[in-house]
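J.: Any chance you could fold what I've pasted below:
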Amino acid sequence: MELKKMLVSAALVFGFSATATTFLPGFYFSPGASIGYTFGAGINYGLELDLGLYRFTDKVSSVNAGISLSSYWVQTKKYTHRLSTLNAMIEGKNFDVKFGWGKAFNKWGYKYHNQCKVGGFNYDLSVTSNQLYAPWIGMKRFKYSYANWAWFSKPYNSVYVKYKYDVLGNSGFKTGEDFLLK
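T.: Take a look at the predicted model:
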């Protein structure tokens with residue numbers, strides 16, 4: 001269900017983006033996909049959507065600020081835990097920092113009719129190089145109240161590799177064309 005919501009949101013943003021670049025020169029959106037490992041649980045994979053809303057520029061560098069939505073799934077021995085986040089985002093050419101609120105969901109029981117939810121604080125840090133099409137390498141952490149979650153008795157600490165793409169080319173950072181022209 002979270003995936004459907006993210007895809008609908010992306011379609012709405014994409015439809016809005018053609019007019020937004022004229023009125024909001026710092027606006028961009030950047031979808032991404034990741035795969036990684038959650039310590040003590042197993043493999044994780046996910047989708048994210050970064051929405052850049054403001055650009056701060058000086059003579060040396062440029063930094064974007066906005067929001068980020070993500071959904072990722074953590075495979076455990078018996079279940080797949082679903083985590084969704086809404087974060088504030090600060091992104092530079094080679095880094096991004098995200099922090100905000102997340103929710104974890106787990107369906108369980110006979111025919112998976114039961115559902116358990118817990119909310120908590122999360123952050124996500126990632127870096128990349130200046131190379132064209134270089135992946136982002138990062139770590140994220142989801143911290144919650146252990147008393148409200150029966151499935152995992154420690155924070156979700158994850159490392160991952162992701163690829164993301166600036167759909168509008170409006171982030172202010174170098175794109176593939178910049179590398180090919182030089």
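J.: Where does the prediction get shaky in this structure?
T.: 1-26, 59-60, 108-114, 146-148, 150-153, 168-182 (pLDDT under 70).
J.: partners of the strand ranked longest in the chain in the sheet?
T.: Longest strand in the chain by number of residues (criterion: DSSP state E): strand 42-57. As defined by DSSP bridges, the strand partners of strand 42-57 come to strand 28-38 (antiparallel), strand 62-75 (antiparallel).
J.: quick one: the strands in this protein?
T.: With DSSP E as the criterion, the chain has strands spanning 28-38, 42-57, 62-75, 80-91, 95-108, 114-127, 136-144, 156-164.
J.: With mean neighbour count as added columns, please give these in a markdown table.
T.: C-beta coordinates here come from the backbone N, C-alpha and C atoms, glycine included. Formatted as a markdown table, the strands of the chain follow (neighbours: other C-beta atoms under 10 Å):
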| stretch | mean neighbour count |
| --- | --- |
| strand 28-38 | 20 |
| strand 42-57 | 18 |
| strand 62-75 | 20 |
| strand 80-91 | 20 |
| strand 95-108 | 18 |
| strand 114-127 | 17 |
| strand 136-144 | 19 |
| strand 156-164 | 18 |
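J.: For residue 87, which of the strands paired with strand 42-57 is the nearest?
T.: strand 62-75 (4.4 Å; C-beta to C-beta).
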